[in-house]
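Engineer: When you get a sec, could you give me coordinates for this:
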Amino acid sequence: MSDACSEPAGAIKAIDKHSVHQICSGQVVLTLATAVKELVENSIDAGATSVDVRLKEYGAELVEVSDNGKGVEEANFEGLTLKHHTSKLRDFSDLIRVETFGFRGEALSSLCALSVLGVVTCHESSQVGTKLVFDHKGHLVQQSHHPRQQGTTVSLQQLFCTLPVRHKEFQRNIKKEYAKMIHVLQAYCIISTGVRITCSNQTMQGKRSTVLSTTGSPSMRDNIGAIFGPKQIQSLMPFEQVSPAENVIEEYGLKDADLPKQPFSMAGFVSRGDHGVGRSATDRQFFFINSRPCDPLKVTKLVNEVYHMYNRHQYPFVALNIVVASECVDVNVTPDKRQIFLQEEKLLLATVKTSLIAMYEAGVNKISLNFAPIPRTNDHCPAVPSNESASKPGEHAAAASRSSKSSLNLAALKAAFSSPHGSSCGNAAKAAASGPAQKTLRSFFKHSGKAPLCLPAVASPSRPARAPPGSPPAGGEPDGFRYGRMSCSGDGSEQDGASSDCDVAAATPDARRSGPEARCPGPTDAVKRETSASPEPPRVRTQQGASNEGRAASPDAKRTRADERRPPAGHGADTDPAVDAPVFLQKRSVPLQFSLQELAGRVKRLQDLQRQRAGDDLRYRRFRAKIDPGENQSAEAELSKEISKDMFKEMEIIGQFNLGFIIAKLNADIFMIDQHATDEKYNFEMLQQHTVLQGQRLILPQKLHLPAVSENVLLENMEIFRKNGFEFLVDEDAQVMERVKLVSLPTSKNWTFGPADIEELIFMLSDSPGVMCRPSRVRQMFASRACRKSVMIGTALNVAEMKKLLVHMGEIDHPWNCPHGRPTMRHLANLDIISPE
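Structural biologist: Residues are numbered from 1 along each chain as shown. All right, here's what the predicted structure looks like:
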């Protein structure tokens, strides 16, 4: 390293053209989808009305694109595959007005550098075709006559063969590359009206199967039906553009005065908002700007957000073409031209949002009602209860007639069913009447100037409370107060009999008066302790007062109670509570045994222990997540990071807690395992792996009308469908979308399945071909079975049974939660942190 650093910096030199060509070519063509896209775009730009894409081994061996376009003139053979040679542009200013898919002149040159490229072409002015062979630099090395009708055929053999790492990765993920290519090709099939596009694949068995096929219809709707079948068309509605609403314009920070006059024109189709017509993923969303397939991320996100307002569990099918003036678009952003910059993007978003909301609002909230007046009984009360309205039945009937006229409105219909009854009106009246009392009570605790009226809660006014001995006369100035629980009522509480109990101070002498005349002591009254020699009589409280013992009281009341519980300093004389009585303490000396040597020995042992810990491996808190539903994700991440499958066998059983949880120990960590959730997850995964569902044969085979891509996925994964209980009748000679017929469906007691489960399984297998998977409803059935057959909460387990459950946790793939989402295991504590020694 030092020798390399000591060498002088090399001189800056130009990279040779061949290396530049190889470096740049690898950046232009990245995937199989990009290669096919470039060739199809060249065919459409050449004016072709028929484009045929042929693959061998999903594109790993051969990619061939044929068309019936204009062909290539002989004068252009040399420059056909040279870098930056094109007939679409002459200078940079032409880029603003470009209307073709390609314009850089990079595609064929890059494909030459990455594969073995051959061209067979026949120009409209030629009588015979020509076969061209190019080297990796794009130079023409061979030219010969070849019979062909008008058009061009471009073939790519061994794609990415000049890049060993990418070629190996391409071969390993060829099924995923193939699926992405089909999705990109579907976009061109939808938008290319009047162009017949077909795609076929040939495997090693020699059987060629059609993947995509359109009829060259001038309608986008027909192209969608040709690719995805008639069932998809039935769930679509045309996109209707409207001007952006004022609230949406304000949301995007636009000003109505500065907006241009509708620079966009949009057409296409979207899914209806009904549940069940959407998709489980965003696999069928296609956006175009000036008929160019692209990925406008903000528009895509907006469409999904609006759709989720009406169907929150699914995603829409979208095919939307946005037409805008070419000078307002920049397509020269990325090599694949999928990212596009737009002027007035916020206005576009506002228009799309307003249009979608208007479309869904017009259809989703339509409710068919057989209108009939809603009968009302006398126990219904008006929405705003009052004494006057409750006493006038005429107004009540008038309100009923008015509501019947407006019951066609959905809001009025909801209000009719949610109107309060008489009992609720009474509660509302009580709550309204108790408001002043509560306000008076709060003002009392805040030492307001007006004292509330207090009613003693111990006796009726006819029998005044008996005063204790030694109390002053009623008319004299009281020198002592006794505090008890009284019943306070504010203004207006006598009307409905509602009263609130509170902890207030009541003077013992004033307790002889009747209830309304009793006066509560104000905050300025002197508070003195009662020093009477006679014992204090027991307090008499109502049951309601006793139940309110624990309610909060004012700070003054709490201090007074504390003074009341304090023992008196003397008998028979008043004592100022601010004066403390003298306290006499006796002191004595106690000898303390101390040894400096023993202290030094303890300090040394402590230092040795600290050095020993410092020499150990790095210690840290491996588990920090709390046992809280909000931290389930972080807890599972910690467990999956720190606990391996082999560790479950090493755990030591401590015992069973509450007949539902297993307490286990691994080194210094204590874990709590849910016995039911753990056993349920093990049984669920065993059912997932080994259960073969029995099928019920149909009386007549059912046509599925699957798209060609879905048919191929199904044919390649027949064994997985068989394990899920589906059986099919395959006719290889039939037309596309009619080759596969359903002959057997899985059934299990009350569970039934259908074509929707087949489509879900096809979607899952398109992402993970060959991997055993189950439809969501099959997983729900297995989860229900696993729950019923598992160890229940409340079942006592011995050590062997608990150990068996822990061993089973080490045999499953995802042991951290049950199929219903319930956690199976959580960390409780670390013994080293609790007790280091």
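Engineer: residue contacts, K681?
Structural biologist: Residues counted as contacts of K681 (C-beta atoms under 8 Å, 6 or more residues apart in numbering) are A786, M809, I812, H814, P815, N817, C818, P819, T824. C-beta: built from backbone N, CA, C; applies to glycine.
Engineer: go on, G770?
Structural biologist: Going by C-beta under 8 Å, 6+ apart, G770 touches E716, N717, I720.
Engineer: pLDDT check: weakest of the residues you listed?
Structural biologist: Least confident of those in the model: E716, at 83.
Engineer: Count the neighbours of the closest residue to G794 other than its chain neighbours for me.
Structural biologist: Excluding the flanking residues, the one nearest G794 by C-beta to C-beta, 6 or more residues apart in numbering is L659, at 5.0 Å. Neighbourhood size, L659 [other C-beta atoms under 10 Å]: 12.
Engineer: Is there a quick PyMOL command that grabs whichever of the contacts of K681 are buried?
Structural biologist: A single PyMOL command selects the buried members of the contacts of K681 (16 or more other C-beta atoms under 10 Å):
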select buried, resi 786+809+812+815+817+818+819+824
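Engineer: Can you list which of the contacts of K681 are found in helices?
Structural biologist: By the criterion of DSSP state H, membership of these in helices covers A786, M809.
Engineer: a helix runs through the residue nearest to G794, doesn't it?
Structural biologist: No. When the secondary structure is assigned by DSSP: H, G, I helix; E, B strand; the rest coil, L659 falls in coil instead of a helix.
Engineer: Hmm, I793 and it touching each other?
Structural biologist: Yes. With contact taken as C-beta atoms under 8 Å, L659 and I793 are classed as touching, separated by 6.9 Å.
Engineer: Show me what whatever helix or strand I762 lives in is in contact with.
Structural biologist: Applying DSSP states H and E as the criterion places I762 in helix 755-767. For helix 755-767, the surrounding residues in contact (C-beta under 8 Å, 6+ apart) are 176, 179, 280-281, 283, 702, 704, 706, 709-710, 713-714, 717, 720-721, 724, 726, 742, 771, 773-778.
Engineer: and if you look at stretch 124-143?
Structural biologist: Taking contacts as C-beta under 8 Å, 6+ apart, the residues outside stretch 124-143 that touch it are 18, 21, 70-71, 73-74, 77-78, 80-83, 108-109, 112-113, 117-122, 144-150, 162.
Engineer: in it, what's buried?
Structural biologist: S126, G129, T130, K131, L132, F134, H136, K137, G138, L140.
Engineer: Farthest pair within those residues?
Structural biologist: Set against one another by C-beta to C-beta, those have their most distant pair in S126 and H136, with a gap of 27.4 Å.
Engineer: Can you pick out the ones from the contacts of helix 755-767 that are in strands?
Structural biologist: Q702, L742 (DSSP state E).
Engineer: Could you give me the ChimeraX syntax to select whichever of the contacts of helix 755-767 are buried?
Structural biologist: The command below creates a ChimeraX selection of those among the contacts of helix 755-767 that count as buried (16+ other C-beta under 10 Å):
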select :176,179,704,706,709,710,713,714,717,720,721,724,726,742,773,774,775,777,778
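Engineer: L140 versus V133, what's the distance?
Structural biologist: V133 sits 7 Å away from L140 when distances are taken as C-beta to C-beta, to the nearest Å.
Engineer: do K587 as well
Structural biologist: In this view, K587 and L140 are 116 Å apart by C-beta to C-beta.
Engineer: quick one on the thing from earlier: ok, the residue nearest to G794 - contacts?
Structural biologist: For L659, the residues meeting the contact criterion (C-beta under 8 Å, 6+ apart) are I793, G794, T795, A796.
Engineer: Excluding chain neighbours, what is closest to the third one?
Structural biologist: Computed as C-beta to C-beta, 6+ apart, the closest residue to T795 that is not its neighbour in sequence is L659, at 6.7 Å.
Engineer: The last one now?
Structural biologist: Setting aside the residues directly before and after it, A796 is nearest to L659 in space (C-beta to C-beta, 6+ apart), at 5.9 Å.
Engineer: before we move on, back to that, which ones among the contacts of stretch 124-143 are found in helices?
Structural biologist: Counting by DSSP H, the part of these found in helices is H18, H21, L108, S109, C112, A113.
Engineer: Before we move on, what's the pLDDT of the last one?
Structural biologist: At A113 the predicted local confidence, pLDDT, stands at 86.
Engineer: partners of the host helix or strand of F286 in the sheet?
Structural biologist: Under the criterion of DSSP H and E, F286 resides in strand 285-289. Each strand that strand 285-289 pairs with, and the sense of that pairing, follows from DSSP bridges: strand 292-294 (antiparallel), strand 318-323 (parallel).
Engineer: out of those, nearest to R54?
Structural biologist: Closest approach to R54 among these is made by strand 292-294 (21.3 Å; C-beta to C-beta).
Engineer: got the buried residues for the helix or strand just after the closest one?
Structural biologist: Counting by DSSP H and E, the element after strand 292-294 in chain order, helix or strand, is helix 297-308. Within helix 297-308, the residues that count as buried by 16+ other C-beta under 10 Å are V299, L302, V303, V306, Y307.
Engineer: from those, which is closest to H167?
Structural biologist: Nearest to H167 among the buried residues of helix 297-308, counting by C-beta to C-beta, is V299 at 35.6 Å.
Engineer: in terms of contact, does that closest one touch K346 like I think?
Structural biologist: No. Judged on C-beta under 8 Å, V299 makes no contact with K346 at a distance of 11.4 Å.
Engineer: Low-confidence ranges, the stretch 51-200 of the chain, go.
Structural biologist: Applying pLDDT under 70 to the predicted model, the residue ranges of the stretch 51-200 of the chain that meet it are 84, 87-99, 102-105.
Engineer: now the helices for it?
Structural biologist: When assigned using DSSP state H, counting those that start in this stretch, the helices of the stretch 51-200 of the chain occupy the ranges 107-114, 164-172, 174-191.
Engineer: for the stretch 201-350 of the chain, same thing?
Structural biologist: Across the stretch 201-350 of the chain, reading from the start of the chain, the helices by DSSP H, counting those that start in this stretch fall at 220-228, 230-234, 246-251, 297-308, 345-364.
Engineer: Figure out which of those is closest to D832.
Structural biologist: Across these, D832 has its closest neighbour in helix 297-308 (48.2 Å, C-beta to C-beta).
Engineer: which helices and strands does that closest one pack with?
Structural biologist: Contacts of helix 297-308 with other secondary structure elements, assessed using 3 or more C-beta pairs under 8 Å, 6 or more residues apart in numbering; DSSP states H and E, are made with strand 265-271, strand 285-289, strand 318-323, helix 345-364.
Engineer: Read off the pLDDT value for the closest residue to P701 other than its chain neighbours.
Structural biologist: With C-beta to C-beta, 6+ apart as the measure, K741 is the residue that lies nearest to P701, at 3.9 Å, once sequence neighbours are left out. The predicted structure scores K741 at 90 on the pLDDT scale.
Engineer: Wait, K741 touches L704, no?
Structural biologist: Yes. Counting by C-beta under 8 Å, L704 is a contact partner of K741 at 6.8 Å.
Engineer: follow-up on the earlier one: ok, and what's touching the strand holding F286?
Structural biologist: For strand 285-289, contacts defined as C-beta under 8 Å, 6+ apart pick out 186-187, 190-191, 293-296, 299-300, 303, 315-322, 324, 329, 331, 340, 342.
Engineer: PyMOL command for the buried members of the residues you listed?
Structural biologist: When burial is assessed using 16+ other C-beta under 10 Å, the buried subset of the contacts of strand 285-289 is captured in PyMOL by this command:
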select buried, resi 186+187+190+191+293+294+296+299+303+315+316+317+318+319+320+321+322+324+329+331+340+342
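Engineer: hmm, back to that, the helices and strands packed on helix 297-308: which one's closest to Q696?
Structural biologist: Proximity to Q696, assessed across those by C-beta to C-beta, is greatest for strand 265-271 (31.3 Å).
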